[in-house]
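*Asks:* Have a look at this prediction, sequence included:
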Amino acid sequence: MTTTLSPLIHLIDDDAAVRDSLALLISTVGLRVQTWADPQAFLAEFDRQGIGAIVLDVRMPGISGLAMLDTLVAQGVDQPVIMLTGHGTVAMCRRAFKAGAAEFLEKPVNDEALLEALQNAVRQHVQSRTRHQADRQARERYAQLSEREREVLGLIVAGLTNKEIGRALEVSPRTVETHRANLFAKLEAESLAQLIRSYAALAEEQAP
């Protein structure tokens, strides 16, 4: 996963004065900023794997901020988007949130409100990426299990004891213990609670 140590804020606004002032403001809290005057250039060039957030003006020539938001969502971009507008309406705000915007702020933007929104967005993005990475690793480890190991895992998640699992699968408790040990090793689980927390959903997906 891309490092979370240096989040990058993408600021998209066709007004140079706005870009410069907001970039200076955002940098005061230690966030890096990349400014864009052309939304199409941003779409073509920005790093979708990066950690950070997107600040997007609603009214721009060529493509509106709301249309940009739709495009970002359609492309699976997961960076939170904060919308800015000098001509906001309730309908526009509702439309932005329905499309997936993280925040909707009116110009002139309150400095503290923008910085708080950005810091929350970056924190949420880091947490989201961390969860997705953990889920991906869990699926990769689960894929290494044999069919019998998956059966044993499902029964462990269901709360059965080793003896009950043995009876259900018609194997000895010692064999269950062996499968259990293999599960902990392959799934890199340090405790039963971790095993259940990390793999309960996967085990339920495989249940008949």
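*Replies:* Now that the structure is in, tell me what you want to look at.
*Asks:* any idea where the helices of this protein begin and end?
*Replies:* Ranges of helices within the chain are 16-27, 39-45, 65-74, 90-99, 111-142, 147-157, 162-169, 173-187, 192-206, based on DSSP state H.
*Asks:* Kindly compare burial across those and name the winner.
*Replies:* helix 147-157 (a mean of 19; mean count of other C-beta atoms under 10 Å). To be clear about C-beta, it is placed using only N, CA and C from the backbone, and glycine gets the same treatment.
*Asks:* before we move on, the earlier item: between the helices of the chain, which gets the lowest average pLDDT?
*Replies:* Among the helices of the chain, helix 192-206 has the lowest mean pLDDT, at a mean of 81.
*Asks:* ok so, going back, export the helices of the chain to TSV and append columns for distance to Ile82.
*Replies:* Output for those, formatted as TSV (distance: least, C-beta to C-beta, whole Å):
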stretch	distance to Ile82
helix 16-27	11
helix 39-45	14
helix 65-74	10
helix 90-99	10
helix 111-142	5
helix 147-157	40
helix 162-169	50
helix 173-187	38
helix 192-206	31
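*Asks:* got a list of what the spatially most central residue of the chain touches?
*Replies:* Nearest to the mean C-alpha position of the chain, counting by C-alpha atoms, centre = their mean, stands Ser128 at 2.9 Å. Each residue near Ser128 by C-beta atoms under 8 Å, 6 or more residues apart in numbering is listed here: Asp78.
*Asks:* and the gap between it and Val122?
*Replies:* 11 Å (C-beta to C-beta, to the nearest Å).
*Asks:* same check, this time on Ala91
*Replies:* In terms of C-beta to C-beta, Ala91 sits 29 Å off from Val122.
*Asks:* try Glu204
*Replies:* In terms of C-beta to C-beta, Glu204 sits 33 Å off from Val122.
*Asks:* ditto for Ala74
*Replies:* Ala74 is 23 Å from Val122, by C-beta to C-beta.
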